[in-house]
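Participant: Sequence and computational prediction follow.
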Amino acid sequence: MSIKSPSLIVYHNQEIVFQSDEKWLYPLFSLEDFLDNHPINMSQVLIHDKVIGKAAAMLITRFGPGRVHGVVMSKLAMAFFEQVGIPYTFDQAVKRIQCKTETILHDIDDIEQAYQILCQRVKRQ
């Protein structure tokens, strides 16, 4: 029997305050819903995500976390975090995430524009 590990874990002062084992970008949208009802000082938060491409980086940036760690992180995500000044670490760097969303957002740097595109892709109002 295998135990499914979370794809997203959010730590506040080293304590887990949110986690999800959903796939793709859904954990970040679930985090957004969670934060609507559980406000947290996000500058004191570490977001730990299994895979961070540019889309995830742009969604994460909307939260304003203190730090981000990706098990796998694309160069596009790293460049975006550097551009917005969010400290990040990673276990493995890759040139890009093999995902249509990474391609769609390749030349987009406006966070709200990206958010609208991503909401449409996940059929979220």
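Facilitator: Happy to help now that I have it.
Participant: So which elements touch the helix or strand bottoming out on mean pLDDT in the chain?
Facilitator: The least trusted helix or strand in the chain, going by mean pLDDT, DSSP states H and E, turns out to be helix 100-104, with a mean of 90. Helices and strands touching helix 100-104, as assessed by 3 or more Cβ pairs under 8 Å, 6 or more residues apart in numbering; DSSP states H and E, comprise helix 54-63, helix 111-121. To be clear about C-beta, it is placed using only N, CA and C from the backbone, and glycine gets the same treatment.
Participant: Can you convert those helices into JSON lines and add a column each for mean pLDDT and distance to I40?
Facilitator: Shown next, in JSON lines, are the helices and strands packed on helix 100-104 (pLDDT from 0 to 100; distance: least, Cβ to Cβ, whole Å):
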{"stretch": "helix 54-63", "mean pLDDT": "96", "distance to I40": "9"}
{"stretch": "helix 111-121", "mean pLDDT": "94", "distance to I40": "20"}
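Participant: Please identify the deepest-packed of those.
Facilitator: The highest average neighbour count among these, using mean count of other Cβ atoms under 10 Å, belongs to helix 54-63 at a mean of 24.
Participant: Following element in sequence after that one, please.
Facilitator: The helix or strand immediately downstream of helix 54-63 is strand 67-74, counting by DSSP states H and E.
Participant: Let me know the secondary structure of the residue nearest to Q19 when sequence neighbours are not counted.
Facilitator: The shortest distance from Q19 to any non-neighbouring residue, by Cβ to Cβ, 6 or more residues apart in numbering, is to P6 (4.2 Å). Classification of P6 using DSSP: H, G, I helix; E, B strand; the rest coil returns coil.
Participant: how about P6, what does it touch?
Facilitator: Under the criterion of Cβ atoms under 8 Å, 6 or more residues apart in numbering, the contact list for P6 reads Q19, S20, D21.
Participant: Over to I47?
Facilitator: I47 neighbours (Cβ under 8 Å, 6+ apart): L8, I9, V10, L31, I60, F63, P65, R67, V68, H69.
Participant: so how many other residues sit close to Y88?
Facilitator: With neighbours defined by other Cβ atoms under 10 Å, the count for Y88 comes to 19.
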